[in-house]
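Visitor: I would like to see how this sequence folds:
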Amino acid sequence: MAPDASDPTLDALVDAALPHVAFDGWSPATFEAAVRDADIEPALARTICPRGAVDLAVAYHKRGDAAMVAAITDADLSDMRFRDKVAHAIRLRLQVIDDKEAVRRGTTLFALPHMAADGAKLVWGTADAIWTALGDTSRDVNWYTKRMTLTGVYSATVLYWLGDDSLNGQATDAFIDRRIDNVMQFEKAKAQVKANPLLKPLATTLEKLTAGVKAPSQAADADLPGIWRDTNPPQ
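Guide: Okay, the predicted model is just below:
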């Protein structure tokens, strides 16, 4: 089970780890140093973070998501087009990062084959947090496609941002706008397919096939990426 990101002891461990991450990455050495510097009993630290520094890296990412959501909530987005709201949310997610090297090291960690699932889940969580904060109410297959698309945009943006040395991140800002443009072109193409009488039967078939796809519930399966619900159960 993942550690509780709101745990003050976990928060103290993350803060203590950050000065060491630049030198040792999210490694056992960093975890040991964080436990020592935060003056926390090793047994308690291991209870909170069974995977050591990996759990600290996860907590650091989730802390950024929480800060982004707070910033989105405080921002006045009423005059923005929806595409601009999404772009602004991505920029806010980058702005709340207080340690670029920690993100760089985290990206390296979660690129490892045995950590790829954790990394994918974290980025999906960021995309979900953005859509939820912006008021997305979709509960069908669109719930997935929105998050899947934004996951790709955010992942590419972070990689670009890590290598961006332009003034005030202007190159990253332009990169975000280009990626959002790509997404809008894709959405336009989807609309054209639905409007094309020759392709309408295909679109209708796809809609029927995906009609049983529902967003995760808030109950026991809330931690799953999604479930399939049969809209026509046997009688």
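
Visitor: What residues of the longest helix belonging to the chain count as buried?
Guide: Criterion DSSP state H: the longest helix present in the chain is helix 170-195. Within helix 170-195, the residues that count as buried by 16 or more other C-beta atoms under 10 Å are 172-173, 175-176, 179-180, 183. No exception for glycine: its C-beta is placed from N, CA and C like everyone else's.

Visitor: which secondary structure elements does that helix contact?
Guide: Secondary-structure packing of helix 170-195 (3 or more C-beta pairs under 8 Å, 6 or more residues apart in numbering; DSSP states H and E): helix 82-95, helix 141-162, helix 200-209.

Visitor: Quick one: work out the angle between that helix and helix 82-95.
Guide: 140 degrees (axes from the mean of the first three to the mean of the last three C-alpha atoms, to 10 degrees).

Visitor: shaky segments in the protein?
Guide: Scanning the chain for pLDDT under 70 picks out 1-5, 186-187, 189-191, 193, 198-200, 202-203, 206-207, 209, 218-235.

Visitor: From the centre of it outward, give me the first residue you hit.
Guide: The residue lying closest to the centre of the chain (C-alpha atoms, centre = their mean) is residue 126, at 2.1 Å.

Visitor: List the buried residues for stretch 72-82?
Guide: 72, 77.

Visitor: how long is it from one end to the other?
Guide: Terminal residues of stretch 72-82 lie 13 Å apart, using C-alpha to C-alpha, to the nearest Å.

Visitor: How far off centre is that stretch?
Guide: 19 Å (C-alpha atoms, centre = their mean, to the nearest Å).
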